[in-house]
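Engineer: Build me a structure from this.
(chains A and B)
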Amino acid sequence: MLKDNGFRETGGEKTEGSSILEREDVTELARSGVLMDSEERSGTVVFRNHTPVCFDAGNGDFELLPVTEALKRYDWVREKYYFYAVEEDMDEMTLRCARQENPVGFFLRVREGGRVTLPFQAAMYMTEENVEQIVHNIVVVEKGASLEIITGCLTRQDILRGSHLAVEEHYVGEGARLVTTMVHSWGPEVIVHPRTGTLVAEGGEYESRYISLKPAKEVVINPMVYLNGRGAVARDLTIVLSTEGTTVDTGGVITLIGKDTSAELLQRGVCIGGVLKQGGLLVGKERCRAHVDCAGMLLDESGAGSIVSVPGLEASHPDARMSHEASLGKISPEQVEYLMSRGMAEAEAITMLIRGFLGVDAAGLGEDLDRQIARIVDIAGHGEA
Amino acid sequence: MAGNRNILEIRELVVQAGDKRIIDGLNLTIPCGEVHALLGPNGSGKTTLMMTIMGFSNYKIIGGRIVFKGRDITNLEINERARMGIAIARQRPPTIDGVRLRNIMAYQIDRGIGDAERIAAYVKKAGMEEFLDRSVNAGLSGGEIKRSELLQLLMMSPEFSMLDEPDSGVDSGALRDVRELINSLFTLDDNHPAKRKAGLIITHSGHIIDHMSLDKAHIMHRGRIGCSGHPNLMMDRISRFGYEGCDRCLGEVE
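Structural biologist: This next block holds a predicted model:
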């Protein structure tokens, strides 16, 4: 089932499915939506610390290569897709990633018209203390093709410190569709700085869901989406739980460049401690429609937790129709009691309200993710991380 | 124990909302299988009484006790009361953002209260299919709120239902549907021809009283039950003379 994808150069570790992952690791990965040896996935990549331990193209109708190999094999990868959606000199993080001699990461391409029905999955997994994980992944969905990716970024539960830096570049071709779901679950002292850039061509569709179950000490996430082609669409949903001792800064910029593009950026945060900053900026450069909505629920009554919510709009075209909305609040006792009068215990009522607030059911995220969200709700509802 | 002949017994109840005493020494008994009407002018404490029986925290019981099915529930949590069989269809329920009627339905099915098939039939009967995936009570008209509330009660099969003005704000076309829902609510599972479930209904109209053949009516006056009697007779008098006479009459009693 494994394909020889030129992975011998990575240091001699075997790349066979879950065979070199301990049972414990498999369980951990499953928590972030990465299911080893599952029939429900079209392919799997797992990076443990710096090393790819699984590189399985499965039966998927796509090309999967280590990013180093892709750069060697195809000149056009460097020309069109390498540090193009994310600028190399954007900041210190991207520069560090660009300076790597042999960048770790994967290149995934779905050829024109290809439809990958099952989700592809990738895990960025840290199992040692103080590891600095740097990865660079490139995903290309060509004209008319479609792909769904589930990415789990996590530390093993006993790991406290480390840093994770990822450059993720997505290219969505004409009339193509890419859905990405990213689940983060980190140790308490980890520093996390992903840099994600997505370019969407005419009629292309990009949907991104980011879920942070266990926030690190510091998480800064600011994915950039460029809707370049006419009628391109982007939907971005971020669901974050912030806990004591963490700073989570979730932003996102969607730039609407093509005519008749549309975008929706939704931020949902539950704060039981720590500092949660929600942003979201829409930039309208053509006739377009876009909406950004940030909502935060503050469940920490000690006064130590806080939420800052700043949705933003920027327009440079008179036909850019854009709106924003932000709301912060707590769970209303009146709503809790209403549900209790239907027979629910207080905790059950609170759980249902948080689920409702996160918009989980309506988002149709599927069963796997539903379970992840249920964990957020469980933690938030019981006030312990 | 004789307590079980009465589903609800309230003795010398004193209730405060905010810093205002709203119910002041109220006594009320509802025997099993009887549905009573609660009448009275606005502000007399009718809704407060129902909210207190359900156990909402804004209504502080500072005296007296409430006994349900022979058990003192004065200090019981709302959900424990609900699980004992008490339910309320409120007049102005809050909007429950993000929580859909379907979630509540699933909850009742999950905990084995109602079977899915029966509940689906109620949803249809209440004409609420299109509202299942909306936030509970969000953007509903007066009539839709009544149907939503009644539907949620039907899902729970309560032994004792309290309905706060179930017919107000309902247009004449929908009135029949609402009445049918109310009928179902009080019908025993075995469709017994002579017996029914118990309840208390606040109303200002004679329609419900006629339609439901209520067993007894009570007029609330200044936080107490002022007088009780035959529902049709009382409703007839009130619709002709209003509550003005009550002040005089009950004032004299006091």
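Engineer: all contacts plus neighbour counts: C-alpha atoms, from now on.
Structural biologist: Will do.
Engineer: How far does stretch A:43-63 sit from its chain's centre?
Structural biologist: 18 Å (Cα atoms, centre = their mean, to the nearest Å).
Engineer: Any idea how far apart the tips of that stretch sit?
Structural biologist: Terminal residues of stretch A:43-63 are spaced 10 Å apart (Cα to Cα, to the nearest Å).
Engineer: swap in stretch A:157-165?
Structural biologist: For stretch A:157-165, the end-to-end distance is 19 Å (Cα to Cα).
Engineer: first vs last residue of stretch A:68-81, how far apart are they?
Structural biologist: Distance between the two ends of stretch A:68-81: 13 Å, counting by Cα to Cα.
Engineer: Show residues contacting it.
Structural biologist: For stretch A:68-81, the external contacting residues (Cα atoms under 8 Å, 6 or more residues apart in numbering or on different chains) are A:6, A:102-105, A:107, A:138, A:169, A:171.
Engineer: cutoff 10 Å now
Structural biologist: The contact list for stretch A:68-81 (Cα atoms under 10 Å, 6 or more residues apart in numbering or on different chains) reads A:5-7, A:9, A:63-67, A:82-84, A:101-108, A:136, A:138-140, A:169-171.
Engineer: quick one, what contacts the most centrally placed residue in chain B?
Structural biologist: Among the residues of chain B, the one closest to the centroid is B:Met162, at 1.4 Å (Cα atoms, centre = their mean). B:Met162 makes contact with B:35-38, B:47, B:50-51, B:53-54, B:86-90, B:153, B:198-202, according to Cα under 10 Å, 6+ apart.
Engineer: Of those, which belong to strands?
Structural biologist: B:35-38, B:86-89, B:198-202 (DSSP state E).
Engineer: Top of these by number of neighbours, please.
Structural biologist: B:Ala87 (30 neighbours; other Cα atoms under 10 Å in any protein chain shown).
Engineer: Quick check: closest non-adjacent residue to that one.
Structural biologist: Nearest-residue entry for B:Ala87: B:Ser161, 5.0 Å, with adjacent residues in sequence omitted and distances by Cα to Cα, 6 or more residues apart in numbering or on different chains.
Engineer: now B:Gly98
Structural biologist: Once flanking residues are discounted, B:Gly98 sits nearest to A:Gly356: 3.8 Å by Cα to Cα, 6+ apart.
Engineer: pLDDT score for that neighbour?
Structural biologist: Confidence at A:Gly356, expressed as pLDDT, is 84.
Engineer: wait, doesn't it sit right on B:Leu101?
Structural biologist: No - judged on Cα atoms under 10 Å, A:Gly356 makes no contact with B:Leu101 at a distance of 11.1 Å.
Engineer: in the stretch 151-254 of chain B, which ranges drop under the pLDDT threshold?
Structural biologist: Filtered on pLDDT under 70, the stretch 151-254 of chain B yields the residue ranges B:251-254.
Engineer: Residues of it that sit close to chain A?
Structural biologist: Counting by Cα under 10 Å from any Cα of the partner chain, the stretch 151-254 of chain B comes close to chain A at B:152-153, B:155-156, B:158.
Engineer: What lies in contact with the helix or strand where B:Cys227 lies?
Structural biologist: Under the criterion of DSSP states H and E, B:Cys227 resides in strand B:224-229. Strand B:224-229 is contacted from outside by B:12-14, B:22-28, B:36-40, B:44-46, B:49, B:215-221, B:234-235, B:246-247, B:249-251, B:253-254, using Cα under 10 Å, 6+ apart.
Engineer: and what of stretch B:102-112?
Structural biologist: Contact with stretch B:102-112 is made by A:339, A:342-344, A:348, A:352, A:356, A:361, B:100-101, B:113-117, B:119-120, B:123, B:129, B:131-136, B:151-152, B:155-157, as judged by Cα under 10 Å, 6+ apart.
Engineer: Just the ones in helices from those, please.
Structural biologist: Members of the contacts of stretch B:102-112 lying in helices (criterion: DSSP state H): A:339, A:348, A:352, A:356, A:361, B:101, B:116-117, B:119-120, B:123, B:151-152, B:155-156.
Engineer: helix or strand for A:Ala166, which one?
Structural biologist: Here A:Ala166 sits within strand A:161-172, counting by DSSP H and E.
Engineer: swap that for A:Leu241, sorry
Structural biologist: strand A:233-242.
Engineer: same deal with A:Ser208?
Structural biologist: Secondary structure (DSSP H and E) places A:Ser208 in strand A:205-214.
Engineer: hey, where'd the helices end up in chain B?
Structural biologist: So, for chain B - with DSSP H - the helices run B:46-54, B:78-84, B:101-110, B:116-125, B:142-156, B:172-186, B:206-212, B:231-241, B:244-253.
Engineer: Show me what residue of chain B gets nearest to chain A.
Structural biologist: Chain B approaches chain A most closely through B:Gly98 (3.8 Å), counting by Cα to the nearest Cα.
Engineer: all helices for chain A, in order.
Structural biologist: With DSSP H as the criterion, chain A has helices spanning A:23-31, A:67-73, A:75-76, A:92-98, A:333-340, A:346-358, A:360-363, A:366-382.
Engineer: Report the buried residues of the second one.
Structural biologist: For helix A:67-73, the buried set under the neighbour-count rule, 16 or more other Cα atoms under 10 Å in any protein chain shown, comprises A:67-71.
Engineer: Could you single out the nearest of the residues you listed to B:Ile78?
Structural biologist: Ranked by distance to B:Ile78 (Cα to Cα), the buried residues of helix A:67-73 are led by A:Val67 at 59.0 Å.
Engineer: My understanding was that that closest one contacts A:Asn102; is that so?
Structural biologist: Yes - contact between A:Val67 and A:Asn102 holds when scored by Cα under 10 Å: they sit 8.7 Å apart.
Engineer: quick revisit: of the contacts of stretch A:68-81, grab the buried ones for ChimeraX.
Structural biologist: If you want just the buried ones from the contacts of stretch A:68-81 in ChimeraX, going by 16+ other Cα under 10 Å, the selection is:
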select /A:5,7,64,65,66,67,82,83,84,103,104,105,106,107,108,136,138,139,140,169,170,171
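Engineer: From the contacts of stretch A:68-81, which land in strands?
Structural biologist: Filtering the contacts of stretch A:68-81 for strands - DSSP E - leaves A:63-66, A:106-108, A:136, A:138-140, A:169-171.
Engineer: So which of those is the closest to chain B?
Structural biologist: Comparing these against chain B with Cα to the nearest Cα places A:His170 closest, at 31.6 Å.
Engineer: ok, the residue nearest to the spatial centre of chain A - contacts?
Structural biologist: Against the mean C-alpha coordinate of chain A, by Cα atoms, centre = their mean, the closest residue is A:Met182 at 3.0 Å. Contacts for A:Met182 were tallied using Cα under 10 Å, 6+ apart; they are A:32-33, A:121-123, A:149-153, A:208-212, A:238, A:369.
Engineer: rerun at 6 Å
Structural biologist: Contacts of A:Met182 were listed using Cα atoms under 6 Å, 6 or more residues apart in numbering or on different chains, and they are A:150-152, A:210.
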